[in-house]
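J.: based on what follows, work out the 3D shape:
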Amino acid sequence: MSTLNVVAKPGEAQLEMARVFDAPRELVFKAYTDATLVPRWWGPRYLTTTVDKLEARSGGSWRFVQRAPDGGIHAFHGVYHDVTAPERLVYTFEYEGMPGHVMLETVVFEDMGGKTRVVVGGAFQSAADRDGMIESGMEEGAEESNQRLDELLAELKLN
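T.: Numbers count the residues shown, from 1 in each chain. Below you'll find the model as predicted:
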């Protein structure tokens, strides 16, 4: 199992996360773009994720809603700017609980001969926005999502 590597240089409005998955690139890309698979890995385990919309095409939009056991709701949405299967996704990311703080996210799927290196780049509007995202527990949430994605990919490879 690979661990998440996060690079966030002080004072910059960007961050990069990278991780290797033991699955072919096409399968990892599918997990990111298939509305039936996203709820099985996106977000921490204690939250239930529902895909309200997922139009994985340039100009398409997406919206995911997470529900906590206490009834709390967290929703996220964005617009796809580029979808190049199975190589790259570019989309905006906005947490509806803090509107106006939009990140442009680029996900690159690198073929490693049966494995896939996923590099996620986030371009924030400011270093303060980026730091706020990090302080909110983003790294822990991303690592847990990636662990869940590992489990899903292993299951999908068996089928």
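
J.: only C-alpha atoms for contact and neighbour calcs from this point on.
T.: Fine.

J.: end-to-end on stretch 19-26?
T.: Counting by C-alpha to C-alpha, to the nearest Å, you get 16 Å between the two ends of stretch 19-26.

J.: pLDDT on it, on average?
T.: If you average the pLDDT over stretch 19-26, you get 97.

J.: which outside residues touch that stretch?
T.: For stretch 19-26, the external contacting residues (C-alpha atoms under 8 Å, 6 or more residues apart in numbering) are 1-5, 28, 85-87, 109-111, 113-119, 150, 153-154, 157.

J.: so of the residues you listed, which ones are in strands?
T.: Those of the contacts of stretch 19-26 mapping onto strands are Asn5, Phe109, Glu110, Asp111, Thr116, Arg117, Val118, Val119, per DSSP state E.

J.: okay, the residues you listed in a markdown table with distance to Val102 and neighbour count next?
T.: Shown next, in a markdown table, are these (distance: C-alpha to C-alpha, whole Å; neighbours: other C-alpha atoms under 10 Å):
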| residue | distance to Val102 | neighbour count |
| --- | --- | --- |
| Asn5 | 22 | 13 |
| Phe109 | 22 | 24 |
| Glu110 | 26 | 17 |
| Asp111 | 29 | 17 |
| Thr116 | 27 | 22 |
| Arg117 | 25 | 20 |
| Val118 | 21 | 22 |
| Val119 | 19 | 20 |
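
J.: hmm, which two among those residues are most spread apart?
T.: Within those, Asn5 and Asp111 form the most distant pair, 17.8 Å apart (C-alpha to C-alpha).

J.: a markdown table please, covering the ones in strands among the contacts of stretch 19-26 and showing distance to Thr49.
T.: As requested, those are exported to a markdown table (distance: C-alpha to C-alpha, whole Å):
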| residue | distance to Thr49 |
| --- | --- |
| Asn5 | 24 |
| Phe109 | 23 |
| Glu110 | 26 |
| Asp111 | 28 |
| Thr116 | 24 |
| Arg117 | 24 |
| Val118 | 21 |
| Val119 | 23 |
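
J.: between those residues, which is nearest Glu144?
T.: Among the ones in strands among the contacts of stretch 19-26, Asn5 lies closest to Glu144 (C-alpha to C-alpha), at 13.1 Å.
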